[in-house]
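coords below, sequence missing:
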């Protein structure tokens with residue numbers, strides 16, 4: 001049987017570039033070499049697309065020095081990657097794409113639009129689900145229609161910060177301190193801040209505005225930080241994993257606490273009050289369907305002491321690092337990483353089954 005070619009795309013221009021490089025090693029090493037040829041395409045932080053020679057070149061960072069340019073052609077009649085080295089061009093047909101890209105330009109619908117133009121089957125959510133899930137404000141608007149509890153919020157736009165006193169007054173009218181401030185479009189808690197007073201609120205708003213034009217100010221929710229993995233969509237019934245709990249080493253689970261603090265821990269299937277775990281699993285499926293999810297997502301919640309659940313956010317291309325909750329939760333449910341990666345690729349091909 002002739003092997004199919006999978007283009008695995010990693011790196012990217014977002015702040016989560018390093019995390020993507022950590023994730024792709026786990027993904028690429030689990031793809032069945034008997035069934036697929038893997039074409040590794042890295043996107044540098046400057047936005048240059050290159051062919052990576054090996055997983056080892058990703059691990060040591062040398063892939064960034066590659067002189068082989070590699071771009072996906074948007075021509076739907078070709079379904080190929082165009083490779084260029086020293087003025088010589090080669091068209092390499094590809095059967096499917098596996099984006100291992102986190103944050104902006106990776107899970108916000110932009111690269112998904114390229115795959116759609118090229119008619120290349122791809123792993124993960126489509127353009128709509130990716131775009132609205134990346135944008136925390138619009139996710140909240142959708143989840144409001146489901147009746148799933150979520151943190152109350154005040155939307156703020158960057159241009160409004162010219163009248164900072166009006167913005168802070170609006171927030172203080174609705175919430176008491178502390179509050180959380182988040183960019184609407186940013187992954188891995190980049191730009192997220194906690195404010196205990198007006199001065200800290202102003203500082204947090206300015207920091208969030210560095211990452212996005214739209215900002216959310218949310219009430220503080222006290223409870224367990226938990227996550228649930230979702231798989232399915234289309235012809236495949238949507239199913240949810242068990243629940244994992246975050247034990248953050250920092251005051252809250254920001255980027256550094258998530259990836260660089262060894263004291264942060266994750267616990268699979270922790271004891272939770274009431275029937276919170278089952279409520280989370282059902283809500284995760286409902287939210288995934290509401291945003292038109294496909295393939296995979298991780299849905300994050302808080303669990304309060306009385307067993308009530310509060311939706312936090314949905315991540316349509318969750319991390320696949322050694323400490324990432326998405327593969328960990330499915331492993332706990334009996335699906336090892338290799339089986340999970342194969343299932344995700346198989347599901348990508350279903351997208352264009354007619």
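Good, I have the coordinates. Keep in mind that this is a model prediction, so the values were computed, not measured.

going forward, measure contacts and count neighbours with C-alpha atoms only.
Fine.

got the buried residues for stretch 144-152?
The neighbour-count check on stretch 144-152 (16 or more other CA atoms under 10 Å) flags 148, 150 as buried.

hmm, who's touching that stretch?
140, 218-221, 283, 286-287, 309-312 (CA atoms under 8 Å, 6 or more residues apart in numbering).

Does residue 22 touch residue 321 like I think?
Yes: using CA atoms under 8 Å, residue 22 makes contact with residue 321 at a distance of 5.6 Å.

out of the contacts of stretch 144-152, which are inside strands?
Members of the contacts of stretch 144-152 lying in strands (criterion: DSSP state E): 218-219, 309-312.

And those residues, which is closest to residue 59?
residue 312 (32.3 Å; CA to CA).

need the contact list for the closest one.
150-151, 299-302.

Show me the two of these that sit farthest apart.
151 and 299 (14.6 Å).

Where does the prediction get shaky in the stretch 201-350 of the chain?
Filtered on pLDDT under 70, the stretch 201-350 of the chain yields the residue ranges 248-264.

And the strands in it?
Under the criterion DSSP state E, counting those that start in this stretch, strands of the stretch 201-350 of the chain are mapped to 214-219, 224-233, 236-247, 265-268, 295-303, 309-315.

can you redo the ones you listed as a markdown table with distance to residue 87?
Shown next, in a markdown table, are those (distance: least, CA to CA, whole Å):
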| stretch | distance to residue 87 |
| --- | --- |
| strand 214-219 | 43 |
| strand 224-233 | 42 |
| strand 236-247 | 44 |
| strand 265-268 | 49 |
| strand 295-303 | 38 |
| strand 309-315 | 39 |
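
I'd like the average pLDDT over stretch 118-127.
Stretch 118-127 carries an average pLDDT of 97.

How far off centre is stretch 55-73?
22 Å (CA atoms, centre = their mean, to the nearest Å).

Need the contact partners of that stretch.
Against stretch 55-73 from outside (CA under 8 Å, 6+ apart): 21-22, 25, 28-29, 41-42, 44, 48-53, 79-85, 118.

Looking at those, which are in strands?
Reading strands off the contacts of stretch 55-73 with DSSP E, I get 41-42, 49-52, 80-85.

Whichever of these end up buried, select them in PyMOL.
Only the buried entries of the ones in strands among the contacts of stretch 55-73 go into this PyMOL selection, using 16+ other CA under 10 Å:
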select buried, resi 41+42+49+50+51+52+80+81+82+83+84
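
what would the ones in strands among the contacts of stretch 55-73 look like in CSV with pLDDT and distance to residue 349?
Shown next, in CSV, are those (pLDDT from 0 to 100; distance: CA to CA, whole Å):
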residue, pLDDT, distance to residue 349
41, 98, 20
42, 97, 22
49, 97, 24
50, 98, 25
51, 98, 23
52, 97, 24
80, 97, 16
81, 98, 18
82, 98, 21
83, 98, 24
84, 97, 27
85, 95, 30
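
nearest to residue 10, of the ones in strands among the contacts of stretch 55-73?
residue 42 (5.0 Å).

Please verify my assumption that residue 301 contacts residue 223.
No: between residue 301 and residue 223 no contact is recorded; they are 9.3 Å apart, counting by CA under 8 Å.

of those two, who's got more company?
residue 301 (24 against 16; other CA atoms under 10 Å).

What about residue 236, how many residues nearby?
12.

how near is the nearest residue to it once chain neighbours are set aside to residue 295?
Of all residues not flanking residue 236 in the chain, residue 347 sits nearest, at 8.0 Å (CA to CA, 6 or more residues apart in numbering). When distance is defined by CA to CA, to the nearest Å, residue 347 is 7 Å away from residue 295.

now swap in residue 184 and tell me
23 Å.

quick one: the helices in the stretch 101-250 of the chain?
Listed in chain order, the helices of the stretch 101-250 of the chain (DSSP state H, counting those that start in this stretch) span 110-118, 127-134, 136-144, 164-174, 198-209.

quick one, which of the ones you listed is nearest to residue 276?
helix 136-144 (18.1 Å).

State the mean pLDDT of that closest one.
Mean predicted confidence for helix 136-144 is 95.

Of the contacts of residue 312, which is the nearest to residue 336?
Nearest member of the contacts of residue 312 to residue 336, counting by CA to CA, is residue 299, at 19.9 Å.

so that closest one sits right up against residue 284, yeah?
Yes: Residue 299 is within contact range of residue 284, at 5.7 Å (criterion: CA under 8 Å).

residues shared between the contacts of these two?
In contact with both residue 299 and residue 284: 228-230, using CA under 8 Å, 6+ apart.

Select from those the one having the most neighbours.
Most surrounded of the shared contacts of residue 299 and residue 284: other CA under 10 Å gives residue 228, at 29 neighbours.
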